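[1] Need coordinates for the below:
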Amino acid sequence: MEPYLRLSEVDKQILQSYTMMLDGLGNFMGNSCEIILHSLEYLENSAIKVINGHFSNRKQGAPITNLALKMLDQLNDSEDYSAMPYFNKNIDGVNLKSSTIPIFGENNRIIGLICINMHLEQPLYEFLHDLLPATHPVEASNDSNNSEHFSDNIDDLIMTALAKAKQSVKADPKISNLNQNKEIVIRLYDQGIFNLKDSVIKIANSLDISKNTIYLHIRNHKKENKTE
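    The predicted structure is shown next:
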């Protein structure tokens, strides 16, 4: 079987790197969205990753579709690679909202396609089930601890994280006044805040402690985690 496109080892690594990303995208989009990763090396079995293939009964090793080939020709003939969504129907007449996204490899050539098909005739309750937060009490409580702060500068991000850590520590009666700063530092460390530039200095100044004290709390926290 002659390849449609001979891929280099780098090209193959690029395509492989997309597989984990598509797992995350599939989990995010939910069961109403079919995602296919195509390699253009062999069109006869181009599908190297299939998510929610139950809609079209496609599995890994499935061939490329006629519409994907058409979109590939359009992408190759155009310098505009913006992945605009479009509407079409599958063989059963189900309405789809679709997008075909090119993947570029070495020498800026298209080596693969990500084809996304959202099935618009899914029951509404199934669609909403994937979008809304879990109602299980344990899962819901975990979600509340994962609130995300969107900031336009690093200082605001650091100070907001510090304020939230202070608030949660001071509200915990099990933490003594003597250990509050230590617990605040540990919580900020677990959030990755100390990976940000100048965060140690800013937090030390705000808590009125030294940088060395922060580093001490972090070292002790790491040791405790290793011994557990």
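[2] which helix is the longest one in this protein?
    helix 9-29 (DSSP state H).
[3] Now do the next helix or strand after that helix against helix 9-29, angle only.
    Using DSSP states H and E, the next helix or strand after helix 9-29 towards the C-terminus is strand 33-39. Using axes from the mean of the first three to the mean of the last three CA atoms, to 10 degrees, the direction of strand 33-39 lies 180 degrees away from that of helix 9-29.
[4] quick one: average confidence on strand 33-39?
    Averaging pLDDT along strand 33-39 gives 94.
[5] what's next to that strand, contact-wise?
    With CB atoms under 8 Å, 6 or more residues apart in numbering as the test, strand 33-39 has contacts from 7, 12, 15, 18-19, 22, 25-26, 29, 46-53, 55-56, 58, 62, 64, 68, 111-119. Where C-beta positions appear, they are placed from N, C-alpha and C, glycine not excepted.
[6] what distance separates the next helix or strand along the chain from it from the middle of the whole chain?
    Downstream of strand 33-39, the next assigned helix or strand under DSSP H and E is strand 47-51. The chain centroid and the centroid of strand 47-51 are separated by 18 Å under CA atoms, centre = their mean, to the nearest Å.
[7] who does strand 47-51 touch, helix- and strand-wise?
    Applying 3 or more CB pairs under 8 Å, 6 or more residues apart in numbering; DSSP states H and E, we find strand 47-51 packed against helix 9-29, strand 33-39.
[8] Quick one, which of these gets closest to Asn88.
    Judged by CB to CB, the one of the helices and strands packed on strand 47-51 that comes nearest to Asn88 is strand 33-39, at 12.7 Å.
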